[in-house]
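Participant: Sequence unavailable; structure follows:
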């Protein structure tokens, strides 16, 4: 399921997959800020992001799930002919993740990220 992207898109995928506990959205500490901080610090110690790349990272973060969600819809709906699983991929993965990023926790992460990137990495909220 690999495709051509760019380094900042791949970094956004890594943050989204490892920094948000998607399987426990009702639990505490859904966003694992220390984990995100560590990943960003390690990355930027090797290769600092430019201002444009920092802006792209914030823009990409709520979008990176779309590619995976649509591939899951296609996989279940087209290849497996499993309409119920395709519906879950559509409603929970695609729409659910978009709703989460538009909600309080997602907005808090997106609001925290630019300042964290500009300063190197800031303390979590």
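Facilitator: In hand now; what should we look at? All values derive from a computational prediction rather than experimental measurement.
Participant: Could you give the number of residues near the closest residue to residue 72 other than its chain neighbours?
Facilitator: Using C-beta to C-beta, 6 or more residues apart in numbering and skipping residues adjacent in sequence, the residue nearest residue 72 is residue 89, 3.8 Å away. (C-beta placed from N, C-alpha, C; glycine too.) Using other C-beta atoms under 10 Å as the criterion, residue 89 is surrounded by 23 other residues.
Participant: ok, residue 89 - contacts?
Facilitator: Contacts of residue 89 were listed using C-beta atoms under 8 Å, 6 or more residues apart in numbering, and they are 69, 72, 73, 75, 76.
Participant: Please give me every residue in contact with the second one.
Facilitator: The reference is to residue 72. Applying C-beta under 8 Å, 6+ apart to residue 72 gives the contacts 86, 89, 93.
Participant: Hmm, residue 9 is touching residue 60, no?
Facilitator: Yes. Applying C-beta atoms under 8 Å, one finds residue 9 in contact with residue 60, separated by 5.4 Å.
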